[in-house]
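K.L.:
Sequence plus predicted model, see below.
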Amino acid sequence: MEKGGSFDPPTPPCYRPVQYTHAYMHILQKMLIKYLYIPEHALSRLKWSYPLLHKEDQYLNQLAQAVVQLRLGEPAEAEACLMSIPSEGMIQACLRYHNILHVDLTSLSHVAQLSRQSTPKMFIDILVALHDEGVFTMDVAVKLLQGELSTTDLWTNTHIRDYLEMLLSNPSRQFIFKEGSILLAQIYLDRLRHWRPVQTRTLPTPGHSHIPKGRGHFGKRQAWLDEMTPFKGTQSIFHQPCTKLQLSAAQSKLRHRIASDPVQINRSRQAADLVTPEMKQRSSENLDVHTVVREKAGNVEGECSCCCCNEDLLKLQVSLSIESF
């Protein structure tokens with residue numbers, strides 16, 4: 001019990017896990033929903049109770065610790081807590097206590113914003129799971145992701161795009177296909193209209209694809225589209241390097257380190273197989289697997305037909321495929 005502003009955790013009796021879990025969930029509700037304890041004491045109790053819990057409750061405990069650490073002004077520690085929770089555990093914890101993610105369904109909570117920033121893919125998975133369980137509708141999730149962004153600027157929010165793509169990739173969600181596909185198509189069109197070459201891009205891995213996977217709304221892209229501008233056949237889309245890429249100046253900094261480090265030399269040789277002949281011709285250096293390349297508009301005349309520069313067009317085409325309707 002708390003006395004005089006301090007908290008001393010009681011010596012736990014020999015609880016069986018199920019019995020303790022029931023008591024713990026009641027305490028956790030008080031700490032997270034009503035905030036009856038000051039943050040320091042709440043964090044102390046959470047850490048003390050962690051080893052006594054079932055695994056699924058340990059995930060919830062870690063999520064609660066992240067909430068409290070944010071209230072204490074310790075974002076790095078909160079992020080470490082979130083990063084230590086496996087994806088499935090995080091999803092299950094948020095399904096049980098979804099109120100931890102939002103403020104009256106009008107905005108994302110601080111811990112939700114941190115999760116979105118640190119592990120965006122997992123956060124989208126959480127929102128999709130909440131949709132499938134009937135907790136969040138698509139409109140609510142989009143509103144939470146939108147924040148203060150105006151409706152006309154939704155195209156700038158890649159998380160909304162990714163969320164809609166994941167929703168539309170499963171045929172069990174056909175009841176939202178019409179509304180979701182219209183919104184997603186508008187986002188693709190707006191992105192195409194505002195497209196500008198990015199300043200930096202990670203060197204893509206061989207065989208990568210931007211086309212959404214799944215057997216939901218997205219259909220099979222028609223072969224004749226490969227011959228339409230800006231494409232010049234299938235080879236130009238998926239097997240030729242981007243014509244607008246230049247090697248970053250950062251590569252020059254690797255020269256002496258690579259030349260003098262046997263480990264780096266071996267790593268570079270292994271990575272060489274992942275780099276196209278065209279890229280090799282642009283530099284006398286070996287490239288690391290995670291080489292960063294810089295893209296500058298206009299350094300090559302004409303339109304580029306690679307899949308990276310035309311990601312939104314490819315996605316729009318499969319979303320409008322006849323098989324999608």
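P.N.:
Received, thanks. Numbers count the residues shown, from 1 in each chain.
K.L.:
Can you list the low-confidence ranges for the stretch 1-150 of the chain?
P.N.:
Across the stretch 1-150 of the chain, residues meeting the criterion (pLDDT under 70) sit at 1-37.
K.L.:
what does the stretch 151-300 of the chain give?
P.N.:
Across the stretch 151-300 of the chain, the stretches falling below the confidence threshold (pLDDT under 70) are 197-204, 206-207, 214, 236, 244-300.
K.L.:
Which strands and helices lie in contact with the helix or strand where residue 115 lies?
P.N.:
The secondary structure element spanning residue 115 is helix 110-118 (assigned by DSSP states H and E). The helices and strands touching helix 110-118, judged by 3 or more C-beta pairs under 8 Å, 6 or more residues apart in numbering; DSSP states H and E, are helix 55-71, helix 75-83, helix 120-132. Using the backbone N, CA and C atoms, a C-beta is placed for each residue, glycine as well.
K.L.:
list the buried ones in the last one?
P.N.:
Of the residues in helix 120-132, those with enough neighbours to count as buried (16 or more other C-beta atoms under 10 Å) are 122, 123, 124, 125, 126, 127, 128, 129, 130, 131.
K.L.:
Show me what the helix or strand just after it is packed up against.
P.N.:
From helix 120-132 onward toward the C-terminus, using DSSP H and E, the following helix or strand is helix 138-146. Contacting helix 138-146 under the criterion 3+ C-beta pairs under 8 Å, 6+ apart are the following elements: strand 107-108, helix 120-132, helix 158-167, helix 177-193.
K.L.:
Is it possible to get JSON lines of those that adds distance to residue 73?
P.N.:
Compiled in JSON lines, these are given as follows (distance: least, C-beta to C-beta, whole Å):
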{"stretch": "strand 107-108", "distance to residue 73": "19"}
{"stretch": "helix 120-132", "distance to residue 73": "22"}
{"stretch": "helix 158-167", "distance to residue 73": "26"}
{"stretch": "helix 177-193", "distance to residue 73": "36"}
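K.L.:
Show me the one of these that comes nearest residue 88.
P.N.:
Using C-beta to C-beta as the criterion, the shortest distance between residue 88 and the helices and strands packed on helix 138-146 is 9.1 Å, found for helix 120-132.
K.L.:
before we move on, the earlier item: make TSV from the helices and strands packed on helix 110-118 and add distance to residue 109 to it.
P.N.:
Compiled in TSV, the helices and strands packed on helix 110-118 are given as follows (distance: least, C-beta to C-beta, whole Å):
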stretch	distance to residue 109
helix 55-71	8
helix 75-83	12
helix 120-132	12
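K.L.:
before we move on, the earlier item: tell me what angle the helix holding residue 115 forms with helix 120-132.
P.N.:
Taking axes from the mean of the first three to the mean of the last three C-alpha atoms, to 10 degrees, helix 110-118 and helix 120-132 form an angle of 130 degrees between their directions.
K.L.:
How many residues are close by residue 169?
P.N.:
Taking other C-beta atoms under 10 Å as the neighbour definition, residue 169 ends up with a count of 16.
K.L.:
can I assume residue 71 is in contact with residue 39?
P.N.:
Yes: in this structure residue 71 lies within contact range of residue 39 using C-beta atoms under 8 Å: 4.6 Å.
K.L.:
Using the record's assignment, carve this structure into domains.
P.N.:
Partitioning the chain according to automatic domain parsing yields domains covering residues 1-97, 201-209+220-306.
K.L.:
how much space between residue 55 and residue 193?
P.N.:
Counting by C-beta to C-beta, to the nearest Å, the gap between residue 55 and residue 193 amounts to 48 Å.
K.L.:
just residue 126 next, same as before
P.N.:
Using C-beta to C-beta, one gets 31 Å for the distance from residue 126 to residue 193.
K.L.:
Same check on residue 144?
P.N.:
In this structure, residue 144 and residue 193 are separated by 26 Å, where distance is defined by C-beta to C-beta.
K.L.:
When the two are compared, which one has more neighbours?
P.N.:
When residue 144 and residue 193 are compared on other C-beta under 10 Å, the one with more neighbours turns out to be residue 144, at 23 against 9.
K.L.:
Which residue, other than its chain neighbours, is closest to the more buried one?
P.N.:
Nearest-residue entry for residue 144: residue 108, 5.4 Å, with adjacent residues in sequence omitted and distances by C-beta to C-beta, 6 or more residues apart in numbering.
K.L.:
Now do the same contact list for the one you found.
P.N.:
When the contact criterion is C-beta atoms under 8 Å, 6 or more residues apart in numbering, the partners of residue 108 are 101, 102, 116, 144, 145, 147.
K.L.:
Pull the number of nearby residues for the second one.
P.N.:
Residues near residue 102, counting by other C-beta under 10 Å, number 18.
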